[in-house]
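> Below are the sequence and a predicted model; questions follow.
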Amino acid sequence: MRRLAGGTFWLGSNEHYPEEGPARQVAVDAFWIDTAPVTNREFQAFVAATGYVTLAEHAPDPNLYPEADPRMLRPGSSLFVRPKAPVSLHDPFQWWHFSFGTDWRHPWGPESNIDALLDHPVVHVAYADAEAYAHWAGKELPTEAEWEFAARAGSMARPMPGGTSSLQQTE
């Protein structure tokens, strides 16, 4: 882990997705953050020690989805499937598909495993799963502001991935 001193920066963006705006100046106090993602090996140790079962490994509660086809209420997760041809970027269902049996132990579908991926980042975990792991490890998940502060690496207006800049000042 690394301790970041905290500071003031511009959170969000006015250039990308509507839910990222409006860009606004915020301050974060000093905090600790991991310098690398949690690996399958680390998450596996947590599961072995606690018996934890992730959200993707649970069947959805039929009471929460009374109109759902019961055959669809099985454990799984969204799986990236490379399109065979160019598709609209406005429809993520062109490359994300729900896959029964896909979870952190089966990251590329139910027939896959993590045997050769133990030092790769764990995937197919929900926020609650990450929070449970962090609690077990004696840590806390960063807030949205802490995460973005760390990602900006000390810059108030560092360009964000996939864009030309991180904000448009509205002052």
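Yep, that arrived.

> What is the burial count for residue 22?
Neighbours of residue 22 under the rule other Cβ atoms under 10 Å: 12. Glycine gets a C-beta too; all of them are placed from N, C-alpha and C.

> didn't it look like it was pressed against residue 14?
Yes: assessed by Cβ atoms under 8 Å, residue 22 is found in contact with residue 14 at 5.9 Å.

> So residue 3 lies in a helix, does it not?
No: Residue 3 is assigned strand when assessed by DSSP: H, G, I helix; E, B strand; the rest coil, not a helix.

> for it, what are its contacts?
Residue 3 sits next to 30, 31, 32 when contact means Cβ atoms under 8 Å, 6 or more residues apart in numbering.

> neighbour-wise, which of those leads?
Among the contacts of residue 3, residue 31 has more neighbours than the rest - 19 neighbours, counting by other Cβ under 10 Å.

> Packing partners of the least confident helix or strand in the chain by mean pLDDT?
Lowest by mean pLDDT, DSSP states H and E among the helices and strands of the chain is strand 7-11, with a mean of 89. The helices and strands touching strand 7-11, judged by 3 or more Cβ pairs under 8 Å, 6 or more residues apart in numbering; DSSP states H and E, are strand 24-28, helix 144-151.

> Now do the SS call for the closest residue to residue 104 other than its chain neighbours.
Spatial nearest neighbour of residue 104, excluding adjacent residues (Cβ to Cβ, 6 or more residues apart in numbering): residue 124 at 4.8 Å. Three-state call for residue 124 (three-state DSSP): coil.

> ok, now how distant is residue 124 from residue 60?
As judged by Cβ to Cβ, to the nearest Å, residue 124 and residue 60 stand 15 Å apart.

> Residue 120 now?
27 Å.

> Equivalent analysis for residue 42, please.
27 Å.

> What of residue 50?
22 Å.

> How about residue 141?
24 Å.

> and if you look at residue 100?
Taken as Cβ to Cβ, the span from residue 100 to residue 60 is 11 Å.

> Show me which of residue 124 and residue 60 is the more surrounded one.
Between residue 124 and residue 60, counted using other Cβ under 10 Å, residue 124 has the larger neighbour count: 20 against 14.

> Please report phi then psi for the more buried one.
Backbone torsions for residue 124, taken as degrees, to the nearest 10, come to phi 60, psi 40.

> now it: how far from residue 68?
21 Å.

> do residue 100 as well
14 Å.
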